[in-house]
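**Q** only geometry, no sequence info:
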């Protein structure tokens, strides 16, 4: 039972940090809708990636894992740098849907490996599906909390929030390399 909750919380840690960054942008733009869509995408991808890992091929786990890590790093770093550059603008936009999608993929790469672990432990597809549902729901809820916290900070401290959010994304990008 404890493992059923610890794995999703651990997987949601990156999504939480990125959600704070998304929330800061939404607070700066005074827009709440992107927070819900970002949290939904984070939950959806955290649900889907372990299933993909569970049913994937050995290529995906060797070469595909390295490629996925590089893609995640580039996506996170690029969006983080863009946030820092854009902080000087008078008008700030919320996170665009394509950026949300890139962030969702980037933060769910580790969930792919969890699916590989489930297959390696010979956990049945029914139990794996149940675990993936729990992962998705917990990630969604944690992401909503991160977005809300970032929103409150971004509303009051727009320029500092944009810098902090960008730095968070760049740090997660560097972490994903190791």
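**A** Arrived safely, thanks for sending. Since we're looking at a predicted model, the values are computed, not measured. Numbering: from 1, shown residues only.
**Q** What distance do you get for residue 24 to residue 120?
**A** 38 Å (CB to CB, to the nearest Å). Backbone N, C-alpha and C define where each C-beta goes, glycine included.
**Q** The two - which one has more neighbours?
**A** Using other CB atoms under 10 Å as the criterion, residue 24 and residue 120 rank with residue 24 on top: 32 against 11.
**Q** Work out for me the element that one sits within.
**A** helix 2-29 (DSSP states H and E).
**Q** packing partners for that helix?
**A** Here helix 2-29 touches helix 33-55, helix 58-86, helix 97-107, helix 109-120, helix 125-156, helix 158-176, going by 3 or more CB pairs under 8 Å, 6 or more residues apart in numbering; DSSP states H and E.
**Q** could you check the angle helix 125-156 makes with it?
**A** Relative orientation of helix 2-29 versus helix 125-156 (axes from the mean of the first three to the mean of the last three CA atoms, to 10 degrees): 30 degrees.
**Q** got the buried residues for helix 2-29?
**A** 7-8, 11-12, 14-29 (16 or more other CB atoms under 10 Å).
**Q** now stretch 41-55
**A** Neighbour count says stretch 41-55 has 41-43, 45-54 buried, by 16+ other CB under 10 Å.
**Q** Over that stretch, what's the mean pLDDT, rounded is fine.
**A** Per-residue pLDDT over stretch 41-55 has a mean of 92.
**Q** how distant is that stretch from the center of its chain?
**A** Chain-centre distance of stretch 41-55: 12 Å, with CA atoms, centre = their mean, to the nearest Å.
**Q** Please list the residues outside it that contact it.
**A** 8, 11-12, 15, 18-19, 60-61, 100-101, 103-105, 107-109, 111-119, 125, 128-129, 131-133, 135-137, 139-140, 143 (CB atoms under 8 Å, 6 or more residues apart in numbering).
**Q** 6 Å instead?
**A** 11, 15, 100, 104, 108, 111-112, 114-116, 118-119, 128, 132, 135-136, 139-140, 143 (CB atoms under 6 Å, 6 or more residues apart in numbering).
**Q** and residue 154, how far is that from residue 26?
**A** 7 Å.
**Q** I should have written residue 148 there, sorry.
**A** Distance from residue 148 to residue 26, counting by CB to CB: 10 Å.
**Q** ditto for residue 38
**A** For residue 38, the distance to residue 26 - CB to CB - is 8 Å.
**Q** How about residue 3?
**A** In terms of CB to CB, residue 3 sits 33 Å off from residue 26.
**Q** what's the closest residue to residue 142 other than its chain neighbours in contact with, if anything?
**A** Of all residues not flanking residue 142 in the chain, residue 12 sits nearest, at 4.2 Å (CB to CB, 6 or more residues apart in numbering). By CB under 6 Å, 6+ apart, the residues touching residue 12 are 138-139, 142.
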